[in-house]
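Undergrad: Quick one: sequence and predicted model below, then my questions.
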Amino acid sequence: MYQLLADYFRYLQAERNLSPYTLRNYQSDLSHFLDFLDEEGLDPLGTDRQQFRRYLARLREDGVAGGSIARRVSTVHSFYRYLVREGRLEKDPLLGVRAPKRERRLPTFLPHEQVSALIRAAGDDTPHGLRDRALLELMYAAGVRLSEVVGVDLRDLDLAERTARVKGKGNKERIAFFGAAAEATLKLYLRDGRKRLLQRLEEPALFLNRDGGRLSTRSVQLIVRKYALRAGLDQRVWPHLLRHTFATHMLDGGAELRVVQELMGHASVSSTQIYLHVTEERQRQKYTEAFYNQVRLKAKERK
């Protein structure tokens, strides 16, 4: 089984080109399932749907969220389909077992004034301050993923065209666009910040850490949290929230759904459509507020 798992993960990495984060999720999910089979004294190559349903019931009893259960079902199915493809099994023993429906949750986002406060919080002229402000501006203005922004190299940036070439899921490249504000902060960072952080002339990364190497995803998470606290934002702020905010603001501003899909690098428009529901909910709230304000105003006039 260990050899089968090792072969499977090599396949995922080489042929499906999954990101390190996704690979870690696959490893965690499969390890958890195999641990369950081991506890029950069951053979992974001889398991069946009834045993797998017992595993799903255990997850529900442990309070695992529906979305996480759905992901684990998908991961385990994928592994058994691989075993069938490799001739280790005649058929997928879990065929027909469906994941529970995912709860539909609307993404949260920051209003314009809070985005401005977050970016202004990174206002000092130190190399790290210039870097952090340029980083926040680019993440919001281009709607890029965390892994994409840390992966940007200096050669990927075109300030004249206001574009950055990024690698998204599945190592797919796309061109991300940004505006004048991001261009200005990037110019300042390149002129006064990056040069002072740089320790090796051959370093390709755009955003550098204190040692002159590529900034890590964990560092970006800490940077975003740091300035959110400094700006006094009253909700948890994380890098992907800026991506949600970008999409919502774009659609609020009248951008077409397909355009936003391309800008965000979504493989399917269904991934982008959820932001339409966010903007519709906002419009509903605005209508309700305006309606009841008008009612209160007329009630006061009658008095």
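TA: On my side now, so go ahead.
Undergrad: Please enumerate the helices of the stretch 101-250 of the chain.
TA: 112-121, 127-142, 146-150, 180-188, 194-197, 217-230, 239-252 (DSSP state H, counting those that start in this stretch).
Undergrad: For Leu23, which of these is the nearest?
TA: helix 146-150 (12.5 Å; C-beta to C-beta). The C-beta positions use only the backbone N, C-alpha and C, and glycine is treated the same way.
Undergrad: which secondary structure elements does the closest one contact?
TA: Packed against helix 146-150 by the contact rule (3 or more C-beta pairs under 8 Å, 6 or more residues apart in numbering; DSSP states H and E) you find helix 127-142, strand 163-167, helix 217-230, helix 239-252.
Undergrad: export the last one as PDB, just CAs?
TA: Included here for helix 239-252 are C-alpha records, laid out as PDB according to Å, rounded to 0.1, in the frame of the first residue of the first chain:
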ATOM      1  CA  PRO A 239      -5.100  37.000   1.500                       C
ATOM      2  CA  HIS A 240      -7.900  35.300  -0.400                       C
ATOM      3  CA  LEU A 241     -10.400  37.800   1.000                       C
ATOM      4  CA  LEU A 242      -8.700  40.400  -1.300                       C
ATOM      5  CA  ARG A 243      -9.500  38.100  -4.300                       C
ATOM      6  CA  HIS A 244     -13.100  37.900  -3.200                       C
ATOM      7  CA  THR A 245     -13.200  41.600  -2.900                       C
ATOM      8  CA  PHE A 246     -11.700  42.200  -6.300                       C
ATOM      9  CA  ALA A 247     -14.300  40.000  -8.000                       C
ATOM     10  CA  THR A 248     -17.200  41.600  -6.100                       C
ATOM     11  CA  HIS A 249     -16.100  45.100  -6.800                       C
ATOM     12  CA  MET A 250     -15.500  44.300 -10.500                       C
ATOM     13  CA  LEU A 251     -19.100  42.900 -10.900                       C
ATOM     14  CA  ASP A 252     -20.500  45.800  -8.800                       C
END
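Undergrad: Helix 217-230 and that helix, what's the angle between them?
TA: In terms of direction (axes from the mean of the first three to the mean of the last three C-alpha atoms, to 10 degrees), helix 239-252 departs from helix 217-230 by 70 degrees.
Undergrad: which strands and helices sit next to helix 239-252?
TA: helix 112-121, helix 127-142, helix 146-150, helix 217-230, helix 257-264, helix 269-302.
Undergrad: one more time with 6 Å
TA: helix 127-142, helix 269-302 (3 or more C-beta pairs under 6 Å, 6 or more residues apart in numbering; DSSP states H and E).
Undergrad: Residues touching stretch 129-148, excluding its own?
TA: With contacts defined as C-beta atoms under 6 Å, 6 or more residues apart in numbering, stretch 129-148 is touched by 115, 119, 122, 149, 166, 168, 176, 178-179, 181-182, 185-186, 188-189, 192-193, 207, 217, 220, 223, 239, 242-243, 246, 263-264.
Undergrad: Buried ones among those residues?
TA: Among the contacts of stretch 129-148, those buried by neighbour count (16 or more other C-beta atoms under 10 Å) are 115, 119, 122, 149, 166, 168, 176, 178, 182, 185-186, 188-189, 193, 207, 217, 220, 223, 239, 242-243, 246, 263-264.
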